[in-house]
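> Here is my input, please return the structure:
(one chain, ligands or ions: 1)
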Amino acid sequence: MSSSVNLVVMVVGLLVLAQQSFQMSLRNPVAATNNCKIDFTRLGLVLTSGNNEKALQDSGLFTPDAETPYVDIAGRRFHIGTLNARYIVYVKIGGNSVNAAIAVQILLNRFRIQGIIHFGSAGSLDEKSIVPGDVSVPLAVAFTGAWNWKKLGSDKGALNFGEFNYPVNGENLLASVDYDTIKLFSKGQSPQDVFWFPSTTSWYSAATQVLQDLVLRQCYHGVCLPYKPKIVFGTKGSSSDSYIKNKAYGDFLHKGLNVSTADQESAAVAWTSLSNEKPFIVIRGASNVAGGASSVSQLSYLASYNAFLAAAKFIESIPTPRLACE
Ligand SMILES: *[C@@H]1O[C@H](CO)[C@@H](O)[C@H](O)[C@H]1NC(C)=O
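Numbering: from 1, shown residues only. Predicted coordinates:
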C-alpha cells in the first residue's frame, strides 16, 4: 500500500470512530457527561495556610463545583471547582512535611491530576534579593531537615556549631552536622538519593515567561510595602520542619547552599510530585526575613496574596486539560 492510501484509510477510520462516539453520546447523553465529569483532568493547587486560602477566596477567582464542591478525606478537605475557568482541586495542607506529603499523595490518588502548583509563604534568607511581599519561584528546593549529627571529635560536618560560639569561635560539644540526602522512590526505578528537587523544567520556564509582567499587590488594609513587590526567579529554596527565625543559621544556609528562602513544606510537595512522576512548581511569597522583625499581619497577608496571584496566573497559562473520557 502506498503511503497516501494508508493515510486515506486512517482518516476514514478516524471519521468512523468520531461518528460512533458522537452517536454514543447522543444515545446516552447523561452517562457520557457524567463519565467525562468524573474523569476530568484537573490541576492540583496545594496551598499551605489559612492566609493562603483566604487570598484565594478573596480573589473571587475560585468557583466551587455546583454538584460536588468538596470531598473530605483523612481530615483534609479537597475543594473541587474552577479557578479562572481552569479545572482545579485545591487542598490546604497545613504546616510541615508530613502533612504536605499526605495531602499531595491523597490528591494524586483520588483525583486525576495533571500536575501540582504549590504556593505558600516563606522567610527570606537573602534580604538583598528577596524582601517581604516579593514572590520567589525557585529553580529547585532542598530538604535541609535530614541531619547526620556527628560525634564530637569526628570529621567536621557542614554545620559546625563551634563556629557560632559567641563572642569567640571555638569548640562546642554539639560538634557538627552534615545534611543527608533522602531516598526518592519512583515507578520502575531503584530509589535515588536526592538532596535537590528541581521544579519541572517546562513549567519553570513557562512561569518565567507568563509571570514576568505580573503586577503584584503593594497595599492591604492601609498598610503598604515600602517597595514595589517583584517576582524573583532563579533562586533556590531550603525546606525543613524547622521554622527558622535565627539569623546566623539563615546566613549559614544562604552562604553554604546558596538558598534564598526557607519554608516547611515545599520539598515534601516536590518529593511527592516527583515520586508520582507529576510536574510541579513551587511559588513562595516572602512574609518575613529570618532574624528580622516578625511582619505585621497585613504584610504576611500580602505575601500570601502575591504568591496566590502568581499561582493563579500560572494556572491560567496552562493549556486547558482535555476530558479524560474523550
Ligand atoms: C547563587 O544563587 C543566585 C540566585 O539566587 C545565582 O544568581 C548565583 O549564580 C548562584 N551562585 C552559585 C555559586 O551557584
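> List the contacts of the residue nearest to V210 when sequence neighbours are not counted.
Spatial nearest neighbour of V210, excluding adjacent residues (C-beta to C-beta, 6 or more residues apart in numbering): S317 at 4.1 Å. To be clear about C-beta, it is placed using only N, CA and C from the backbone, and glycine gets the same treatment. Contacts for S317 (C-beta atoms under 8 Å, 6 or more residues apart in numbering) come out as A206, Q209, V210.
> Apply 10 Å and report the result again.
S317 makes contact with R86, W203, A206, A207, Q209, V210, L211, according to C-beta atoms under 10 Å, 6 or more residues apart in numbering.
> among these, which ones are buried?
For the contacts of S317, a burial check counting by 16 or more other C-beta atoms under 10 Å picks out R86, W203, A207, L211.
> The second one is in contact with A270, isn't it?
Read it as W203. No - here W203 does not reach A270: they are 11.7 Å apart, not a contact under C-beta atoms under 10 Å.
> bridging residues for P198?
When assigned by DSSP bridges, P198 has beta-bridge partners A140.
> Okay, it and the ligand: tell me how far apart.
According to C-beta to the nearest ligand atom, to the nearest Å, P198 stands 14 Å off from the ligand.
> Next, count neighbours for that residue.
Burial measure for P198: 15 neighbouring residues, criterion other C-beta atoms under 10 Å.
> follow-up on the earlier one: take the buried ones among the contacts of S317 and write them to CSV, including secondary structure and pLDDT.
Shown next, in CSV, are the buried ones among the contacts of S317 (DSSP: H, G, I helix; E, B strand; the rest coil; pLDDT from 0 to 100):
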residue, secondary structure, pLDDT
R86, strand, 93
W203, helix, 98
A207, helix, 98
L211, coil, 98
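> Report the entries of those that also contact the ligand.
Residues of the buried ones among the contacts of S317 in contact with the ligand (C-beta under 6 Å from any ligand atom): none.
> sorry, back to before: shared neighbours of W203 and A270, which are they?
Jointly contacting W203 and A270 under the rule C-beta under 10 Å, 6+ apart are I116, F280, I281, V282.
> If you rank those residues by neighbours, which is first?
V282 (34 neighbours).
> Would you mind checking which of the contacts of S317 is nearest to the ligand?
A207 (15.6 Å; C-beta to the nearest ligand atom).
> first to last residue in stretch 79-98, what's the distance?
This stretch, stretch 79-98, spans 20 Å end to end (C-alpha to C-alpha, to the nearest Å).
> I meant to write stretch 220-228 there.
Separation of the first and last residues of stretch 220-228 by C-alpha to C-alpha is 13 Å.
> Name the surrounding residues that touch that stretch.
With contacts defined as C-beta under 10 Å, 6+ apart, stretch 220-228 is touched by 55, 58, 131-134, 215-219, 295-306.
> So which of those sit within helices?
Members of these lying in helices (criterion: DSSP state H): A55, D58, S297, Q298, L299, S300, Y301, L302, A303, S304, Y305, N306.
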